[in-house]
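Visitor: got a predicted model here, sequence first, then my questions.
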Protein chains: 2
Amino acid sequence: MPSEFDLIRRLGLFQSLQRDEVVLGIGDDAAILDVPAGWQLAVSTDTFNRGVHFPEETAACDIGYKSMAASLSDVAAMGAEPLAVNLSLSMPVHDEEWLAGFARGFFESANQFQVQLMGGDTTHGPLSISVTVFATVPIEQALRRSGAQAGDLIYVTGTLGDAGAALLVLQEALKLPEPQRSMLVGRLNRPAPRVETGMLIRDYASACIDISDGLAADLSHILERSGIAATLYVDQIPLSAELKGCFDAVGGWTVPLNSGDDYELCFTVPSSKQGELENLLTGKQPAIHCIGMTETGDSLRLIMPDGTIKVIEPTGYDHFREARKVVARAPEQGARNRSNRSV
Amino acid sequence: MPSEFDLIRRLGLFQSLQRDEVVLGIGDDAAILDVPAGWQLAVSTDTFNRGVHFPEETAACDIGYKSMAASLSDVAAMGAEPLAVNLSLSMPVHDEEWLAGFARGFFESANQFQVQLMGGDTTHGPLSISVTVFATVPIEQALRRSGAQAGDLIYVTGTLGDAGAALLVLQEALKLPEPQRSMLVGRLNRPAPRVETGMLIRDYASACIDISDGLAADLSHILERSGIAATLYVDQIPLSAELKGCFDAVGGWTVPLNSGDDYELCFTVPSSKQGELENLLTGKQPAIHCIGMTETGDSLRLIMPDGTIKVIEPTGYDHFREARKVVARAPEQGARNRSNRSV
């Protein structure tokens, strides 16, 4: 059994949570998981490297929290219920204090969503965290990127751009007073995966994705996979009061359109289901906002607040490329955080 | 969709294999997997870091092959049938040639075992590969480390120590003629996970583990988890002709006892099932050999070929420690390859 998992246990930081579905957890060659009859397994792997997915100076507990939460976001986008994770943790040195902080953050998020750490690997190497999430979804009811049809409404959860603004704050490109600063940085370091919303919209949404690369890029994935186009009313994108308070300083609409790491959901809904969906989610957190509509074609048209129209060509996101073909260049600092794509 | 997976596709190197159980593969937020009724899922994650799990100069195709094959070994030790994998690949630079080599090796092993790449993550970072394997096993029939009882016979598959000797060869501590050199290096770089044997012994074995850390360490895991002791007749450990040909030069019995990376299986069998098991496996590859017997107690006794007895205390394997409490010190060069533990 890996000494790091043992150490976390000895420190009293290991979660006590045991899911019935996890028949055999940490301590053997493999874990054993039960998938109930009538359900399928949704599986997603996300990797987080120091200096690439989080700034060098990020606190261990935030790294732990975010690696768990961001990984859950992928199965939230499938409308699936997360059950368990495998954690692969590479550490350059045996650092008990760092490990304790990491475990605190990791299990805080895992426990919040009743997710059991059921296996993994701990090893020596440059700091890298890879999380594989196991979730269940009723047969054939998973939300895919490919299900949107022309005429569907486009929704997003929560507010966009907060994490992108926080990166500028952390890199000291922008000084902000409290509590504005803490709220934005919290959105970057402690994202809230929209697990409950994903499960609630399963019967209504035609397609869904989580916003990890930025709204424009991630909505484009839905459009590409569904073979459609869309018009997006940029002034309808929901913004937090904190972002509004520094909106021009961080680059205006570039941030909510193109910066990643918000981990909100973007989903499409047939107009026939709009009323029922909005009734269902009224008063629930996070709020949802309709920001556009899909149509035939293959491009993403942005109706900017000043009435101008910008068109984004369909193109995959390539994280070894510096620039992306989107209308507004993302803040350079944002690029480091948008450099992975889970599948 | 990750550009590396796209690139592998464009290079014509992506596998065409599609398992029926993989309902949705690469290209969405998560993959969707069907687990047939009456079966459970065995899941294992293994991570391989450059300079830690493989020497810096290892060829890309060997890294690809070994990361797949070694990962399959964990589910082989559960008696499970592998179906699919998620691959997390961190690369420091966009190196098409390296990626092509890696893909060739990775899919060569995956295709050999009919395992579909169903998802993962590709990202920028120090070279690191993390593989999560999904396998199925009939409900409650997975082979655990914990099932051995006093009086069971201890078996191993194949031959032990070849990979450990190969490390010395690669580090030029030992010069060997061909084809002896190639055979040993092939055993290190292209291990053969014992998937078929694992499935065959499922009805006979009481406990099983794959030998990734070394026979003494891995057998100790079975003993600890099962709460028993064992006597091992060291001269019964099967050796290849190639290892015999350089046995003293590489350190004698230290190598088959303590060097890792052989990825053979070590399993226990109630004596009542010995005849049936041996009949079943007669003439099959790999051969199996009985090397000892379990008993009450908590230590591992080694009967050395000269008649002396050495006792190994029960202790977990700690990969941030340099030394292990085993009777014979492993070759120092071997330590870098035994530095991870999957669970």
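Guide: Perfect, thanks for sending it.

Visitor: which residue ranges of the stretch 51-200 of chain A form helices?
Guide: Along the stretch 51-200 of chain A, counting by DSSP state H, counting those that start in this stretch, helices occupy A:60-76, A:96-112, A:162-170, A:180-189, A:195-200.

Visitor: helices or strands up against the first one?
Guide: Here helix A:60-76 touches strand A:39-49, strand A:81-91, helix A:96-112, strand A:128-138, helix A:180-189, helix A:195-200, strand A:207-210, going by 3 or more CB pairs under 8 Å, 6 or more residues apart in numbering or on different chains; DSSP states H and E. Every C-beta, even on glycine, is put in place using the N, C-alpha and C of the backbone.

Visitor: can you put the helices of the stretch 51-200 of chain A in JSON lines and add mean pLDDT?
Guide: What follows is the helices of the stretch 51-200 of chain A, written out as JSON lines (pLDDT from 0 to 100):
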{"stretch": "helix A:60-76", "mean pLDDT": "97"}
{"stretch": "helix A:96-112", "mean pLDDT": "95"}
{"stretch": "helix A:162-170", "mean pLDDT": "94"}
{"stretch": "helix A:180-189", "mean pLDDT": "96"}
{"stretch": "helix A:195-200", "mean pLDDT": "98"}
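
Visitor: redo the ones you listed as TSV? Include distance to B:A80.
Guide: What follows is the helices of the stretch 51-200 of chain A, written out as TSV (distance: least, CB to CB, whole Å):
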stretch	distance to B:A80
helix A:60-76	23
helix A:96-112	25
helix A:162-170	39
helix A:180-189	38
helix A:195-200	29
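
Visitor: ok, back up a step: A:S271 is nearest to which of the helices and strands packed on helix A:60-76?
Guide: Proximity to A:S271 (CB to CB) singles out strand A:207-210 among the helices and strands packed on helix A:60-76, at 14.2 Å.

Visitor: the nearest residue to A:A205 once chain neighbours are set aside in helix, strand or coil?
Guide: Residue nearest to A:A205 in three dimensions, not counting chain neighbours: A:F267, with 4.2 Å by CB to CB, 6 or more residues apart in numbering or on different chains. Secondary structure for A:F267, judged by DSSP: H, G, I helix; E, B strand; the rest coil, is strand.

Visitor: could I get the helices and strands packed on helix A:60-76 as JSON lines with mean neighbour count?
Guide: Shown next, in JSON lines, are the helices and strands packed on helix A:60-76 (neighbours: other CB atoms under 10 Å in any protein chain shown):
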{"stretch": "strand A:39-49", "mean neighbour count": "26"}
{"stretch": "strand A:81-91", "mean neighbour count": "25"}
{"stretch": "helix A:96-112", "mean neighbour count": "19"}
{"stretch": "strand A:128-138", "mean neighbour count": "27"}
{"stretch": "helix A:180-189", "mean neighbour count": "20"}
{"stretch": "helix A:195-200", "mean neighbour count": "22"}
{"stretch": "strand A:207-210", "mean neighbour count": "28"}
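
Visitor: so who does the residue nearest to A:A205 touch?
Guide: A:L143, A:I154, A:Y155, A:V156, A:I201, A:A205, A:S206, A:A207, A:C208, A:I209 (CB atoms under 8 Å, 6 or more residues apart in numbering or on different chains).

Visitor: quick check, nearest of those to chain B?
Guide: For those, the residue nearest chain B by CB to the nearest CB is A:I209; the value is 6.1 Å.

Visitor: check contacts around that closest one.
Guide: Counted by CB under 8 Å, 6+ apart, A:I209 has contacts A:A77, A:R145, A:D218, A:L219, A:H221, A:I222, A:L265, A:C266, A:F267, B:D29.

Visitor: could you give the bridge partners of it?
Guide: A:I209 forms beta bridges with A:C266, as assigned by DSSP bridges.

Visitor: what score does it have for pLDDT?
Guide: Note on A:I209: pLDDT of 98.

Visitor: which helix or which strand is home to the residue nearest the centre of chain A?
Guide: The residue lying closest to the centre of chain A (CA atoms, centre = their mean) is A:Y263, at 3.0 Å. Using DSSP states H and E, A:Y263 is not contained in any helix or strand.

Visitor: that one and chain B, how far apart?
Guide: Plainly put, A:Y263 is 11 Å away from chain B if you go by CB to the nearest CB, to the nearest Å.

Visitor: and A:C266, by the same measure?
Guide: For A:C266 relative to chain B (CB to the nearest CB), the value is 11 Å.

Visitor: now swap in A:I309 and tell me
Guide: 27 Å.

Visitor: what do you get for A:T294?
Guide: For A:T294, the distance to chain B - CB to the nearest CB - is 18 Å.

Visitor: and the average pLDDT for stretch A:291-299 is what?
Guide: 96.

Visitor: er, stretch A:12-23 I mean
Guide: 89.

Visitor: what's the end-to-end length of it?
Guide: End-to-end distance for stretch A:12-23: 23 Å, by CA to CA, to the nearest Å.

Visitor: quick one on the thing from earlier: list only buried entries from the contacts of A:I209.
Guide: A:A77, A:R145, A:D218, A:L219, A:H221, A:I222, A:L265, A:C266, A:F267, B:D29 (16 or more other CB atoms under 10 Å in any protein chain shown).

Visitor: which strands or helices does the strand or helix carrying the fifth one pack on?
Guide: Here A:H221 sits within helix A:215-226, counting by DSSP H and E. Other elements packing on helix A:215-226 under the criterion 3+ CB pairs under 8 Å, 6+ apart are strand A:207-210, strand A:229-233, helix A:254-258, strand A:265-269, strand A:300-303.
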